[in-house]
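1. from the sequence below, what's the structure:
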Amino acid sequence: MEKALNPVIAGVVAGAVAYGAAAALWGADPNPIRHLVGAVPGLFAFVLAFTLMLDRVVKNDRSIPSFFAEFFRMRVGTGALIFLAVAIPWYWVMFSFPQVDDEGKLFWFRVLVHDNFGRLASGVHTTTPGGTFTYFIEQGGFATFPWSVCVPGAFAVVARLTIRGQDPQDKVGVIAAVWLAGTFALIGSSATKFHHYVLPMLPALAILIGLFLDRLWSEGIARHGLSLLLGVPFFVLVGKDLAGNPKNFTDLFVYNYDRPYPFEMVQTQLNLFASRPLWLSDLLAIALLGVGGYLFFEATSARRPAPLKGLAVTLAALGFAAVIVSATDARNSPLVYFGLAFAAGAAWFFYEATRTKEGNNFVLYACAAIAGLPALGMLVRGVQVETARSNPQAARVEDWLQPLVTDAANIKEVMGFSFVAGGVVLACMALARARVAFFSTALALVTAWVLWFNWSHWVQLTHHWTQRDQFWRYYAQRRPGEPITAFLMNWRGETFYSRNTVKQIKDNNLLYQYAAAGPRVGAGRARPPGNLEGRGGARQAGHARRQRPEQQVRAGDHRVGSSRACPRRSSSKSSPASSASAWPSRGCRSRSAPVRCSVCSGPMGRARPPPCACSPG
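-> Numbers count the residues shown, from 1 in each chain. Predicted coordinates:
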């Protein structure tokens, strides 16, 4: 124990010396934190001395406790030194900065007290006051999907870990388990809860899931079947919620959850073909042919039970039936094609039952009967439908299957179908103990989900939830030397997209003066609560109006705020749809023309208008 404490003692002494020296040199006025300025170099000195002493102790004595020795082998001290060398200069400057922010807080107080201890103890800007411990369990399910099926397996790995074990997996697993438990206890007890606060827990959980997958690969699916079985309900429930409302996932990355979500993005039908949209039969064809083909290959390449081969034939036949329905645009009743597919499967089961000598004839005859019943029902109904269609005088017979397979699919339905089909395929491969196929299929499904969400959905969402498109229009239509101004905004997006050239104005009188001084000014107002779409809409000078939710702007929609163009200064490159309002020069007669609010159509007055009915006043 004494040898283990030596690095700690050396670090404390070095840190105290560095703290005292820095406080004596730079702790006088006007430094706002005074003697606390020595805390930053003191921390660096502590880590440096601790690392050097630990290196010496470990090299000279192999009896050092395994916990400290593992930190040494992981080079934690070196990593901490590199991190502090990069971060300390910035924190040194900011902690010594004597100015205050717009709320009268010094930087160190804002960061340490307000944004950490305040959020933890009393709650700051929280949208979920009084949330229970289940809050982050729900958000963790969304954040880990589709790996959420492996969460029970990850906890099973934790149960098998040995604290003082020599296996590297035990050591890494113990660190990840402590990490996960500590972050869940700390963040779960916080008075301020946001969805993205689940992020510190995810790396530790990912490590445990990785350990489970490693054991699943090396030890086989059979030994971990129960863990996978427990993960199936978790996967199904999370997938159902995400397919029904993709906003559950995107809310993990935003601040205010009342922001309107453009559901038309995921509810619009997919037009992948020139003549028609994507149908459910197209999805069925892909899924059934893929599963049936794999099962048939698996049954013929290895010694598998005869019922598995019959199932493969049935699924493949149903897949071909779906292909025929899609190729013929469902001109004939789909009941006929799917009935023939079930009949083909029943015939295969019956044929195998008559020739097999393995003693499982009863199972094959039962499978033939199970496949034959829907075949008989569909064929009879399909013939009735086709007969009624060919005879206009006959009574109409409803084809209950055609509306289902020809239903136009949208993103939400494709997601739901993919989750269900992927789960069924993985379950079949797990039952068949096909390890390579199981992992390759799971990896393909995860890759498809990640690529769609990050390369398609997020890109489409930026047109609705960011200021990017409005600033693109500003840069495309602005005139030389024309400024951009943000009024009552502090969301930092306007700072990023304007490349830190935006002028922040937070006073009505200053805005009037600024608008009167320049020929053309864009003024954005902070979005009212619960009405968060379209961050930087342009505003008339001095008229900061609220937009109704149904009138919020989107990319491509040229109603970006209210704008007014002077006839004397208009040009072919500028338009009233610009994200920066067009203002006439002084003395222009058009400035005295009456202007009406684009929301309520009420009069807005002249150069300094009184607030209209939809203005915040």
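2. contacts and neighbour counts: CA atoms only from here.
-> Noted.
3. tally of neighbours for residue 255?
-> 14 (other C-alpha atoms under 10 Å).
4. isn't it up against residue 128?
-> No. Using C-alpha atoms under 8 Å, residue 255 is not in contact with residue 128; the gap is 11.7 Å.
5. overlap in contacts of these two?
-> Common neighbours of residue 255 and residue 128, counting by C-alpha atoms under 8 Å, 6 or more residues apart in numbering, are residue 194.
6. which SSE is immediately downstream of the helix or strand encompassing residue 422?
-> Here residue 422 sits within helix 411-431, counting by DSSP states H and E. The helix or strand immediately downstream of helix 411-431 is helix 435-452, counting by DSSP H and E.
7. tell me what that following helix is packed against?
-> Applying 3 or more C-alpha pairs under 8 Å, 6 or more residues apart in numbering; DSSP states H and E, we find helix 435-452 packed against helix 411-431.
8. contacts for the helix it packs on next, please.
-> Under C-alpha under 8 Å, 6+ apart, the answer for helix 411-431 is 221, 225, 236, 239-240, 243-244, 265-270, 283, 287, 291, 435, 437-438, 441-442, 445.
9. okay, and which of those map to strands?
-> Per DSSP state E, strands hold no members of these.
10. which SSE is residue 257 in?
-> Using DSSP H and E, no helix or strand contains residue 257.
11. let me know the secondary structure of the closest residue to it other than its chain neighbours.
-> In this structure, residue 257 finds its nearest non-sequential neighbour in residue 251, 6.3 Å apart by C-alpha to C-alpha, 6 or more residues apart in numbering. Using DSSP: H, G, I helix; E, B strand; the rest coil, the structure places residue 251 in helix.
12. okay, now residue 251: neighbour count?
-> With other C-alpha under 10 Å as criterion, residue 251 counts 19.
13. same check, this time on residue 180
-> 20.
14. list the buried ones in the helix or strand harbouring it?
-> Applying DSSP H and E as the criterion places residue 180 in helix 168-188. Buried residues in helix 168-188, counted by 16 or more other C-alpha atoms under 10 Å: 169-177, 179-180, 183-184, 187-188.
15. give me the contact list for stretch 399-407.
-> 279-281, 330, 333-335, 381-382, 385.
16. could I get the buried residue list for that stretch?
-> 399, 402, 405-406.
17. ok, which pair from the buried residues of helix 168-188 is furthest apart?
-> For the buried residues of helix 168-188, the farthest-apart pair by C-alpha to C-alpha is 169 and 188; their separation is 27.3 Å.
18. give me the helices and strands touching the helix or strand following the helix holding residue 180, please.
-> Once helix 168-188 ends, the next helix or strand along the chain (criterion: DSSP H and E) is helix 202-219. Helix 202-219 sits against helix 134-144, helix 151-159, helix 168-188, with contacts defined as 3+ C-alpha pairs under 8 Å, 6+ apart.
19. so where's the stretch 501-617 of the chain shaky on pLDDT?
-> The stretch 501-617 of the chain contains residues with pLDDT under 70 at 518-617.
20. dump the contacts of stretch 399-407 to a markdown table, plus secondary structure and pLDDT.
-> As requested, the contacts of stretch 399-407 are exported to a markdown table (DSSP: H, G, I helix; E, B strand; the rest coil; pLDDT from 0 to 100):
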| residue | secondary structure | pLDDT |
| --- | --- | --- |
| 279 | strand | 88 |
| 280 | helix | 85 |
| 281 | helix | 87 |
| 330 | coil | 85 |
| 333 | coil | 89 |
| 334 | helix | 91 |
| 335 | helix | 91 |
| 381 | helix | 91 |
| 382 | helix | 90 |
| 385 | helix | 89 |
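21. and which of those is nearest residue 42?
-> Using C-alpha to C-alpha, the contacts of stretch 399-407 come closest to residue 42 at residue 280, 64.8 Å.
22. what's the closest non-adjacent residue to the closest one?
-> residue 405 is the one closest to residue 280 (C-alpha to C-alpha, 6+ apart), at 4.9 Å.
23. now residue 39
-> residue 19 (5.6 Å).
24. just residue 208 next, same as before
-> Leaving out its chain neighbours, the residue that sits closest to residue 208 by C-alpha to C-alpha, 6+ apart is residue 154, at 5.0 Å.
25. what sits against that neighbour?
-> Contact analysis of residue 154 by C-alpha under 8 Å, 6+ apart lists 205, 208-212.
26. can you give me the separation between it and residue 437?
-> For residue 154, the distance to residue 437 (C-alpha to C-alpha, to the nearest Å) stands at 21 Å.
27. residue 477 now?
-> Between residue 477 and residue 437 the distance is 55 Å, computed by C-alpha to C-alpha.
28. could you do residue 147 as well?
-> 17 Å.
29. go on, residue 495?
-> Residue 495 sits 49 Å away from residue 437, going by C-alpha to C-alpha.
30. ok, now residue 459?
-> Residue 459 is 32 Å from residue 437, where distance means C-alpha to C-alpha.
31. following element in sequence after the strand or helix carrying residue 387, please.
-> According to DSSP H and E, residue 387 maps onto helix 361-390. The helix or strand immediately downstream of helix 361-390 is helix 402-405, counting by DSSP H and E.
32. count of neighbours near residue 376?
-> Residue 376: 16 neighbours (other C-alpha under 10 Å).
33. and if you look at residue 420?
-> When counting by other C-alpha under 10 Å, one arrives at 16 neighbours for residue 420.
34. buried only: go through the contacts of stretch 399-407 for me.
-> Buried members of the contacts of stretch 399-407, scored by 16+ other C-alpha under 10 Å, are 279-281, 330, 333-335, 381-382, 385.
35. those: which two are farthest apart?
-> 279 and 381 (22.1 Å).
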